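Engineer: attaching a predicted model along with its sequence, questions to come.
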Amino acid sequence: MEKVVQRSKIAHRHAAKRLSKEIDHLEKGKSWNRKRDSLRIRGDNHALIVTARKERAEAWSRGLLAPRRDVGDKAKTHGALSLYSFNLPDRHPRSLPKWYWVSEGDRVVVTKGREKGKIAEVEEVQREKGAVRLKGINVADVAVPSWVNQRDTTGKDSVQPIAIMVPIEDVRLVYPLPDPATGKLRDVVVEKLTCVNREWDKVKKEWDQGMRAVPGTNTLIPWPEVIEPEFQDHEDDTLRRSVDEVTHTPLLLNWPMPASVIDELRNKYSKFRTRHSYEFTQKIEAQAAKEEQRKDLHLTMRTPLQELAEVRRKAKAAESRELTDEQLAKIGEVMASEAAKRGKVASVPA
C-alpha cells in the first residue's frame, strides 16, 4: 500500500508543477497583452493629438480655403474618439489597490484633470483597470462602429457620448457629515479611508468589503444601498415550495450515497486517487506481505559454512567491547611517552 500512496503523492506533485508552469505562462501572456494594449492606446491618442494640431494649424493659416474634413466616411465621426482607444488599459495586479473604498452609488469629487473640482455619482467600478466611471463627468464623443449599431435596435447614432474612466487615485469620497459648530450636515471631502471589520468569506474564498472608517476618528461611513434586481416570474419556473422541500435527511448510521459513487467521480485505477475500497486495500497489503516474505527465501537455502559464519557473526556481536586492564595500561604508557616528548608530565594509571 505504501507504493500506491507514494505513487499518488508523486502524481500530485508533478500535476502541481505542471499547473504552476501553466499559470506562469498565462500570467506572462496577460502581462504581454496589457503592455501591448497600453502602448497601442497611447500611440493612438498621441497620433490623434498630433493630427488635430496639424489640422488646427492648417485651418488657421488657410482660413476660408481650409479643406473640409467632415466628409465621406468621416461625415459623422470626424473629431470623435475611437471605440478601441478611448478607454484605459488594464493595470498590473501589483499596482492595483488591495481594497476599494468606493462603490457604485457613492458621490466623489475629481481632484485632477479638466473636470477637477466637480462632484458626480459613481456608475461603475472596474477593478482590472483601477478606475471608476462617473455620471456626466469626463464625457467624450466616441465613434461607434456600424456592426455595433446593427445589434442595437434602438436606432442610436454612430457617435455617442460616453464617460471615460477616471483613475481611482484622482477621486475622493464626498459624504455628508455634521458640522462640529452648527451640527448641520454638510458635504465633506474624505481624504483617506481605512477598512475595518473585514472578514474572509469561506464560500466565495475572498475578503468581503468590510466597513469604511475615517482614520483617527470613530466615524464609520456606510456603503451605498444596493438595489436588488426584480425578476419576472414565468410559467416554467420552479416553485419556491419545491425548492424548500426536504427530500433527504442524512443519518450518521447510513451512507448518504452508495460507496461506488467515488468510482464514478474518479477513475478506479487513477494514479491521483487517494481513497480506496477496503477490498482493494486488503489486496495491496497481501501483495506487499508476500513480497516481504520472498525477501527471506534465500535464508532457507544456505550451506553449512554459511550457517556457521552467521553463528560466529552473532556471537562476535554479542561479545563485550570493554577494554581489559592490560589494554588500559598499554594506552597509559603510550600517553606518558608522548607527553614526555612534548616536555609534559602525565600520570600513568596503576
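Structural biologist: Thanks, I have it.
Engineer: please name every helix or strand in contact with the lengthiest helix in the chain.
Structural biologist: If you go by DSSP state H, the chain has its longest helix at helix 2-62. The contact analysis (3 or more Cβ pairs under 8 Å, 6 or more residues apart in numbering; DSSP states H and E) places helix 2-62 against helix 278-294. For the C-beta atoms, the positions are set from N, CA and C on the backbone; glycine is no exception.
Engineer: buried ones in the helix it packs on?
Structural biologist: Across helix 278-294, burial judged by 16 or more other Cβ atoms under 10 Å covers Ile284.
Engineer: show me what it packs onto, helices and strands only.
Structural biologist: In terms of contacts (3+ Cβ pairs under 8 Å, 6+ apart), helix 278-294 is packed against helix 2-62.
Engineer: go with 7 Å
Structural biologist: Applying 3 or more Cβ pairs under 7 Å, 6 or more residues apart in numbering; DSSP states H and E, we find helix 278-294 packed against no helix or strand.
Engineer: state the next helix or strand along the chain beyond it.
Structural biologist: The element immediately downstream of helix 278-294 (helix or strand, assigned by DSSP states H and E) is helix 304-318.
Engineer: how long is stretch 108-125 end to end?
Structural biologist: Length of stretch 108-125, first residue to last, Cα to Cα, to the nearest Å: 12 Å.
Engineer: now stretch 21-38: how far from the chain's centre is it?
Structural biologist: Remark: stretch 21-38 is offset 14 Å from the chain centroid, using Cα atoms, centre = their mean, to the nearest Å.
Engineer: just the residues contacting that stretch, thanks.
Structural biologist: Pro89, Asp90, His92 (Cβ atoms under 7 Å, 6 or more residues apart in numbering).
Engineer: may I see the buried residues of it?
Structural biologist: In stretch 21-38, counting by 16+ other Cβ under 10 Å, buried: Arg34, Asp37.
Engineer: could you export that stretch as CSV, CA atoms only?
Structural biologist: Presented in CSV, the C-alpha positions along stretch 21-38 are these (Å, rounded to 0.1, in the frame of the first residue of the first chain):
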residue,chain,number,x,y,z
LYS,A,21,4.0,26.4,-15.2
GLU,A,22,0.7,26.8,-17.0
ILE,A,23,-0.3,29.6,-14.6
ASP,A,24,3.1,31.3,-15.0
HIS,A,25,2.7,31.1,-18.8
LEU,A,26,-0.8,32.5,-18.6
GLU,A,27,0.3,35.4,-16.4
LYS,A,28,3.1,36.2,-18.8
GLY,A,29,0.6,36.3,-21.6
LYS,A,30,-1.7,38.6,-19.7
SER,A,31,1.2,40.9,-18.9
TRP,A,32,2.3,41.0,-22.6
ASN,A,33,-1.3,41.8,-23.6
ARG,A,34,-1.6,44.6,-21.0
LYS,A,35,1.7,46.1,-22.2
ARG,A,36,0.6,45.8,-25.9
ASP,A,37,-2.8,47.4,-25.2
SER,A,38,-1.2,50.2,-23.2
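Engineer: average pLDDT across it?
Structural biologist: Here stretch 21-38 scores 92 as its mean pLDDT.
Engineer: so which of the contacts of stretch 21-38 is the closest to Asn254?
Structural biologist: Ranked by distance to Asn254 (Cβ to Cβ), the contacts of stretch 21-38 are led by Asp90 at 52.1 Å.
Engineer: for the closest one, what are its contacts?
Structural biologist: Asp90 is in contact with Arg34, Asp37, Glu128, Lys129, counting by Cβ under 7 Å, 6+ apart.
Engineer: any chance of these in JSON lines, plus distance to Glu326?
Structural biologist: Compiled in JSON lines, these are given as follows (distance: Cβ to Cβ, whole Å):
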{"residue": "Arg34", "distance to Glu326": "85"}
{"residue": "Asp37", "distance to Glu326": "91"}
{"residue": "Glu128", "distance to Glu326": "88"}
{"residue": "Lys129", "distance to Glu326": "91"}
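Engineer: just how off-centre is the lowest-mean-pLDDT helix or strand in the chain within its chain?
Structural biologist: Lowest on mean pLDDT, DSSP states H and E among the helices and strands of the chain sits helix 146-151, with a mean of 73. Its chain's C-alpha centre and that of helix 146-151 lie 36 Å apart, by Cα atoms, centre = their mean.
Engineer: quick check: next helix or strand after that helix?
Structural biologist: Heading C-terminal from helix 146-151 (DSSP H and E), you reach strand 159-163.
Engineer: how far out from the middle of the chain is the helix or strand following that next one?
Structural biologist: Proceeding N to C from strand 159-163, the next assigned helix or strand is strand 166-167, under DSSP H and E. Taking the mean C-alpha point of strand 166-167 and that of its whole chain, the gap between them comes to 24 Å (Cα atoms, centre = their mean).
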